[in-house]
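Colleague: Sequence first, predicted coordinates after that:
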Amino acid sequence: MPIQLLRVALGFLAVFFAYALGRVAARLHRQDQPYSKALTWALRVSVCVLGVFWRRGFDATSIATLALAAVGLGLGLFVEQRPRHVEEIHLFRE
C-alpha cells in the first residue's frame, strides 16, 4: 500500500511538472525562455512518469498519470498562449 501512495504522489508531481513544461514550451516558442528551462522541466516529467511505471508497468495508475500529464501539458500551453485582457492585468495589481 505505501508503494501505491508514492506512485500516486509521483503522478501528481508529473501532472504539475507537465503543466509547467507546457507553459515553458509556449514561452520557448515565443523565444522568451532558454532551452535549458524546457529541458529541466522535461527531465522532471520524465523521471516522475518513469517512477510511476517502475515496478508495475501499464496499470490504471500509470495510464491515468500519462493521460493527466498530457492534459496538463496542453492546459499549460493553452494558458500561456492565451493573451491577457487589460481588465485581468489590473485586477492582479490591486
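Modeller: In hand now; what should we look at? Numbers count the residues shown, from 1 in each chain.

Colleague: where's the nearest residue to Val8 once chain neighbours are set aside relative to Ala9, distance?
Modeller: Excluding the flanking residues, the one nearest Val8 by Cβ to Cβ, 6 or more residues apart in numbering is Thr61, at 6.5 Å. All C-beta atoms are positioned from the backbone trio N, CA, C, and that covers glycine. Relative to Ala9, Thr61 is positioned 11 Å away (Cβ to Cβ, to the nearest Å).

Colleague: any idea which helix or strand carries the residue nearest to Val8?
Modeller: helix 60-81 (DSSP states H and E).

Colleague: just checking, what packs against that helix?
Modeller: helix 2-29, helix 35-53 (3 or more Cβ pairs under 8 Å, 6 or more residues apart in numbering; DSSP states H and E).

Colleague: what sits against the residue most central in space within the chain?
Modeller: Geometric centre of the chain, nearest residue: Ala18, 1.3 Å, by Cα atoms, centre = their mean. Shown in contact with Ala18 (Cβ atoms under 8 Å, 6 or more residues apart in numbering): Val45, Ala69, Ala70, Gly72, Leu73, Gly76.

Colleague: what about 7 Å?
Modeller: Ala18 makes contact with Val45, Ala69, Gly72, Leu73, according to Cβ atoms under 7 Å, 6 or more residues apart in numbering.

Colleague: thinking again about what came up before, the more surrounded of Thr61 and Ala9?
Modeller: More neighbours surround Thr61 than the other of Thr61 and Ala9, with 16 against 13 (other Cβ atoms under 10 Å).

Colleague: now that one: how far from Arg7?
Modeller: For Thr61 relative to Arg7 (Cβ to Cβ), the value is 5 Å.
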